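Peer 1: here are the coordinates; sequence isn't available:
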C-alpha cells in the first residue's frame with residue numbers, strides 16, 4: 001500500500017477509471033441501459049472516478065460509483081438501480097460513510113439512476129428520508145442522468 005504523509009488511503013491501490021481531465025465521465029453497469037453521464041465543461045475540473053461496490057469494497061453494502069471533482073471538492077455518489085430507490089438511498093449513504101474520512105472538505109451529492117420509479121410507498125420511505133436530509137443534493141432519474149460538473 002502507498003503511504004501519503006504517513007496515512008494510507010482507501011484509493012491508493014486503485015486507479016481512477018477516467019482520465020484526470022476527461023471531457024465526459026460515464027458510470028454504467030455492463031449490459032445495462034442505465035447510466036450517469038457527467039460532462040466536464042472545457043475539461044476545467046480535475047476528476048477521478050472509482051467503482052465502489054464489488055471493487056473497492058467487497059461484501060459491504062455501498063453505492064456503485066464515486067465521482068470526485070477534486071477542483072471543486074465535490075463527491076458524487078452514484079447508484080444505478082432497478083426500481084428499489086429506497087435501497088438505492090441506503091446504498092448512497094453507506095458509500096458516503098465508507099469514504100467520508102478520506103473526503104473531508106468535499107460536498108457530497110447523491111445520484112440515483114433507476115430503470116423505473118416505483119409508486120409503492122414501501123420503496124419510497126428511505127428515499128424520502130434521504131431527500132428530507134439532503135434536499136437538492138439528491139437527484140434521481142430513470143434511464144440516463146446527464147449533468148455538467150460544477
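Peer 2: Cool, got the structure. Predicted, not measured: the structure shown is a model, and the values here were computed from it.

Peer 1: please make it C-alpha for all contacts and neighbour counts, starting now.
Peer 2: Fine.

Peer 1: now the strands for this protein?
Peer 2: Using DSSP state E, the strands of the chain run over residues 24-28, 35-39, 47-51, 65-69, 74-81, 107-114, 138-142, 144-148.

Peer 1: need the winner for burial among those.
Peer 2: strand 74-81 (a mean of 26; mean count of other C-alpha atoms under 10 Å).

Peer 1: other SSEs contacting that one?
Peer 2: If contacts are counted by 3 or more C-alpha pairs under 8 Å, 6 or more residues apart in numbering; DSSP states H and E, strand 74-81 sits against strand 65-69, helix 85-99, strand 107-114.

Peer 1: buried stuff in stretch 11-27?
Peer 2: Across stretch 11-27, burial judged by 16 or more other C-alpha atoms under 10 Å covers 18, 20, 22, 23, 24, 25, 26, 27.

Peer 1: same list, the helices and strands packed on strand 74-81, but as CSV with distance to residue 76 please.
Peer 2: Shown next, in CSV, are these (distance: least, C-alpha to C-alpha, whole Å):
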stretch, distance to residue 76
strand 65-69, 5
helix 85-99, 9
strand 107-114, 5
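
Peer 1: how about those, which one is nearest residue 35?
Peer 2: Among those, strand 107-114 comes nearest to residue 35, with 6.5 Å by C-alpha to C-alpha.

Peer 1: the inter-axis angle of that closest one versus strand 35-39?
Peer 2: For strand 107-114 against strand 35-39, the angle by axes from the mean of the first three to the mean of the last three C-alpha atoms, to 10 degrees is 140 degrees.

Peer 1: how about the strands of the chain in JSON lines, adding mean pLDDT and distance to residue 13?
Peer 2: As requested, the strands of the chain are exported to JSON lines (pLDDT from 0 to 100; distance: least, C-alpha to C-alpha, whole Å):
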{"stretch": "strand 24-28", "mean pLDDT": "98", "distance to residue 13": "20"}
{"stretch": "strand 35-39", "mean pLDDT": "98", "distance to residue 13": "24"}
{"stretch": "strand 47-51", "mean pLDDT": "97", "distance to residue 13": "11"}
{"stretch": "strand 65-69", "mean pLDDT": "98", "distance to residue 13": "15"}
{"stretch": "strand 74-81", "mean pLDDT": "97", "distance to residue 13": "19"}
{"stretch": "strand 107-114", "mean pLDDT": "97", "distance to residue 13": "23"}
{"stretch": "strand 138-142", "mean pLDDT": "95", "distance to residue 13": "29"}
{"stretch": "strand 144-148", "mean pLDDT": "98", "distance to residue 13": "28"}
